[in-house]
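Undergrad: Pasting a predicted model and its sequence here:
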Amino acid sequence: MSTTTLTHVQSRAALPAGLTVAATEIGGAALLGAFLLAEATPMVLALLALMGGLFAALQLRPLIEEEILRAFHEARGLATVLAVTIVLIYPFFLGGNTYALHLLIVSLLYSVLALALNFQLGSANIPNFATGATYGIGAYTSALLAIHLGWSFWATLPAAAIVATVFGFLLGIPSMRTRDSYLALVTIAFGIVIHQMLNNLSWTGGPNGLVGIPAPSLLGHSFMQPIELFGFRLPSQANFYYLSAALLGLAILSAKRLHESRVGLAWNAIRADELAAKCQGINVVWYKILAFGVDAFLAAFAGTIYAFYISYISPDNFTFLVSVTIMTMVIVGGMDNTLGVILGAFLLTMLPEKLRVFSDYRLLFVSVVVILFLILRPKGLFPQRQRHYGGQ
Amino acid sequence: MESLILQHLLNWLVLGSIYTLVAIGFSLLFGLLNVIHFSHGDVSMIAPFAALGSLQVLFGLAGSSVGILPILAALAIAVLVTGLVGIGADRLVISRFRNSPAMMALVATVALGTVVRELIRGFYPQGSNPKSFPAIVQGFAEFGGLRLPALPVLIVVSTVAIVVLMYLLMQKSPIGMRIRAVAEDGATARLMGITPARIFAFTFFLASAVGALGALFFASYAGVVRFDFGVQLGLIGFSAAVIGGLGSMGGAILGALAIAGIETIVQANMADGASYRLVFAFALVILMLCIRPSGLLGKPVFEKV
Amino acid sequence: MTAPLLQLSGLGIRFGGIVALDGVDLTVAPSTITCIIGPNGAGKSTLFNLITGIYRPTSGTVALQGEDITGLPAHRIATRGIARTFQSSRLFEDLSILDNVIIGMHGRTRTGVLTALLRPKASRRELGACAKQAETILRGISDELHARRYEPAGILPQADRRRLEIARALASRPRLILLDEPSSGMDDRDTAALMADIRRVMADNPGLSFLIIEHDMRLVAELPDSVVVIDYGRKIAEGAFAEVRRLPRVQQAYLGQKAVEHA
């Protein structure tokens, strides 16, 4: 068996890296597109089976994964340019299907949230059940600024991020003295307090929330308007699609840079052994608080875009269950593996929507999947990979 | 005025009792396994549904004219069923995480809680609607000229009795000693001929059965039950256990009374206190954990190096 | 005269009512090896935990090169130049062997979140340089560890785990290294190699001192400049091993049961 694998790989290795990269990216995009547009349940199930098959192939033949990764490393430039191009032209292939576009936007925003939480849960193993709350703080801050003070979307974006980061740091302070289950409870309590406040205060609109958040505009182009380009016409959602995609790009870049720095290593050290980390000179408390801040910062961006996209927010968008869902995405996808986390976010956003036939049992299904994952594959679909230095 | 204070006092004790019954389970399981059984509230909340279901069957069999007997039988069935579900939850899910990081078990039990809720919602007849739940006893009780509603008195008195029984069970009985032995050192306990698996099963049964009583009292006191009531009850029970110090039964009681106290005070003194009671209860939780991370009666942990 | 490298005066701690360590005085000069021996539970590891800031002493002081570091948080003490290993080795199991060593350099590198995000080149350059140094350290300790540097540390056998812990301790360029039972789980050949490693490291790093908790009497007899005996939380003897082992109170406390058969 090993010899056949070897020859197989050698023949693959003969493939130019560029081709492997192009095939992987275009194939992935096509698969996602098919899944987004699939409506009939058998089609959805067939596509899921195909994904499962591909994943099984990667599991049984780890060399394929190595080969793909090597190709991406070799043809980095091409991979980036192609990925950006695919993201740019993607809406044109959805044939004006606004529901598919909506699903895509929500998936992108959840990817950002999951990446935000990953800094804590994945990198440093800090339980945070309050990502939903910081997401909500971001959304409410920008919505209130826009409605009451007439701030533009672009001005609220950094403002919301700053406010949420302050809350993030505050939430991080108890981590000086508490950890594990106790810290988990602090974050849960924080989430409930925020949710209940939003629900009860009059200036946040109480349970009815805030309505009439004005659409953003850029260079005179309102995001309410469809995009018209080269005779093509994209529905108005496309505006928010590009916005969310840009945000995810930013999140991926941040995740990559932090992961490949001294900061990411320190977080990983804390995850593995807090006490040993201290003895290497790592200021554990500061790095934990920092993780809370970074999480809140990114989550607030996602919250702001969500608020302006839907133009209506209520406390129920930011409950404890939302936090748990985000947590689940990180765990299913793979702790501290950017691609895995994004995949987890896409899967867990789209699966419940695509399995409408079982609509009554969706939550049940997802929860069972989570438990099975934790038991059978505790490191997620794609576990963290070891860092390599100096272009290896 | 006096009767109002009395009413608040009684309300505090009833809430405190209910929270105590749920919190004890958290504490017991944490003491034994070092695991947070986050679905404990949801598992406990199975009891009122089991009771309602068996009541219907029992009354169907015996006719509705029968008195207290079917109610008692239904309660007993509910407690038993919930206890067994507790064992099942351990066997199927929680036991798989004995050697995993605490976070894994925590998230798994959060998901398990959702499974339990969704099973009730999806498979209990009209499971998503609130169900009215009968008061276990009605009328009033007289205590030396003091006329008190019977149900709250029953709840408080039974809770005291249960707590005393639990204490005796844990401290004086052979099974209690075995539980403590396993909690102290599983490997040594095994050498002494104790089967940890059986001890785990028993403890899960015990914790869930006591939680079931809490949930039954809760439903009976509120007069209504819904599939998702277990979330909040579980969160409050967990908070009570943590405030008191996980692993300590006395702490669980103190924590429960503290949270119930805050809720009662807020409700009694604020215009829209009912809607803010959770804010204050959980703000207390955060504050407590910042000041005394190991809880009121918990022992501070020195990490072995 | 210059201040000693490490000076403990009257160091003690009680947990609840129990006195775990009481009034320990100890002086470590630069470029020396000191072994701490004593029966199990005598308080040896507790002493290490007090020096490295994991526990806060209830009495006494710790001074490093004349500066008082008593009660500083562990990470500050590590940055000041005290590195350590643990009795049951505590590696970052799921990280690569190389990363374990690089993390040891945390205290003397600077990149923060903003640098990492806004100046990725500087951040990568710093970590790249760390990786180079870490490879050198690993190669110095063991060629095999170096060859396996991208494998997770968790899969290493006991002796290699100890070596990696020492490599990680070296990475911080400490002035003092505390080794907690470095030879446990090692056979005779491994122990000999360990001693050679320690001597070589000392030769390469002038001024560096070792404080070692040890049970292996062969090592205790050969390696250290002086030996400190601790029993029931108190220092009961100090001096050259050949002299210390002859003291009746030491034999009673410790050698009586164990090392007489070695001798």
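TA: That came through, no problem.
Undergrad: give me every residue that touches the residue lying closest to residue B:228 once chain neighbours are set aside.
TA: Spatial nearest neighbour of residue B:228, chain neighbours left out: residue B:117 (5.6 Å); criterion: CB to CB, 6 or more residues apart in numbering or on different chains. For the C-beta atoms, the positions are set from N, CA and C on the backbone; glycine is no exception. Residues in contact with residue B:117, defined by CB atoms under 8 Å, 6 or more residues apart in numbering or on different chains, are B:42, B:45, B:227, B:228, B:230, B:231.
Undergrad: Can you name the residues of the stretch 151-300 of chain B sitting close to chain A?
TA: Taking CB under 8 Å from any CB of the partner chain as the contact definition, the stretch 151-300 of chain B meets chain A at B:231, B:235, B:238-239, B:242, B:246, B:272, B:275-276, B:278-279, B:282-283, B:285-286, B:289-290, B:293.
Undergrad: Show me where the chain has its strands.
TA: Reading this off chain A. A:210-211, A:217-218, A:221-222, A:227-229, A:232-234, A:312-313 (DSSP state E).
Undergrad: Please refer instead to chain C.
TA: Ranges of strands within chain C are C:6-15, C:18-28, C:33-37, C:59-64, C:67-68, C:82-84, C:176-180, C:209-213, C:226-231, C:234-239, based on DSSP E.
Undergrad: Ok, the stretch 1-150 of chain B next?
TA: For the stretch 1-150 of chain B, the strands defined by DSSP state E, counting those that start in this stretch cover B:131-132, B:140-143, B:146-149.
Undergrad: Closest to residue A:294 out of the contacts of residue B:117?
TA: residue B:231 (28.9 Å; CB to CB).
Undergrad: Check the gap between that closest one and residue A:136 for me.
TA: 18 Å (CB to CB, to the nearest Å).
Undergrad: out of those two, which sits in the busier spot?
TA: Using other CB atoms under 10 Å in any protein chain shown, the more surrounded residue of residue B:231 and residue A:136 is residue A:136, with 32 against 20.
Undergrad: Which residue is the nearest non-sequential neighbour of that one?
TA: Using CB to CB, 6+ apart and skipping the chain neighbours, the partner closest in space to residue A:136 is residue A:318 (3.0 Å).
Undergrad: Compute the number of surrounding residues for that neighbour.
TA: Applying other CB under 10 Å, we find 28 residues neighbouring residue A:318.
Undergrad: Next one, pLDDT for it please.
TA: On pLDDT, residue A:318 comes in at 92.
Undergrad: what does residue A:308 give?
TA: Looking at residue A:308, its pLDDT is 94.
Undergrad: My guess is the residue nearest to residue A:136 contacts residue A:138. True?
TA: No: Residue A:318 is beyond contact range of residue A:138, at 9.5 Å (criterion: CB atoms under 8 Å).
Undergrad: Return every residue with contacts to both of those two.
TA: residue A:303.
Undergrad: Nearest to chain A: which residue in the stretch 51-200 of chain C?
TA: Of the residues in the stretch 51-200 of chain C, the one nearest chain A is residue C:107, at a distance of 2.8 Å by CB to the nearest CB.
Undergrad: Would you mind measuring from the nearest residue to that residue once chain neighbours are set aside to chain B?
TA: Closest residue in space to residue C:107, ignoring its immediate chain neighbours: residue A:281 at 2.8 Å, by CB to CB, 6+ apart. According to CB to the nearest CB, to the nearest Å, residue A:281 stands 17 Å off from chain B.
Undergrad: what's the burial count for residue A:281?
TA: Residue A:281 sits with 26 neighbouring residues when counted by other CB under 10 Å.
Undergrad: So what does it look like in phi/psi?
TA: For residue A:281, the backbone dihedrals are phi 90, psi 10 (criterion: degrees, to the nearest 10).
Undergrad: who's in contact with it?
TA: C:75, C:76, C:78, C:79, C:106, C:107, C:108, C:172.
Undergrad: now, which of the residues you listed lie within helices?
TA: Among those, the ones falling in helices (DSSP state H) are C:75, C:76, C:78, C:79.
Undergrad: Would you check that the first one makes contact with residue A:275?
TA: No: with the criterion set as CB under 8 Å, residue C:75 and residue A:275 do not qualify as a contacting pair; they are 10.7 Å apart.
Undergrad: Neighbour count: these two, which is higher?
TA: Using other CB under 10 Å as the criterion, residue C:75 and residue A:275 rank with residue C:75 on top: 23 against 17.
Undergrad: so who does that one touch?
TA: A:278, A:279, A:280, A:281, A:282, A:283, A:284, C:53, C:107.
Undergrad: and those residues, which of them are in helices?
TA: Applying DSSP H to the contacts of residue C:75, the entries found in helices are A:278, A:284.
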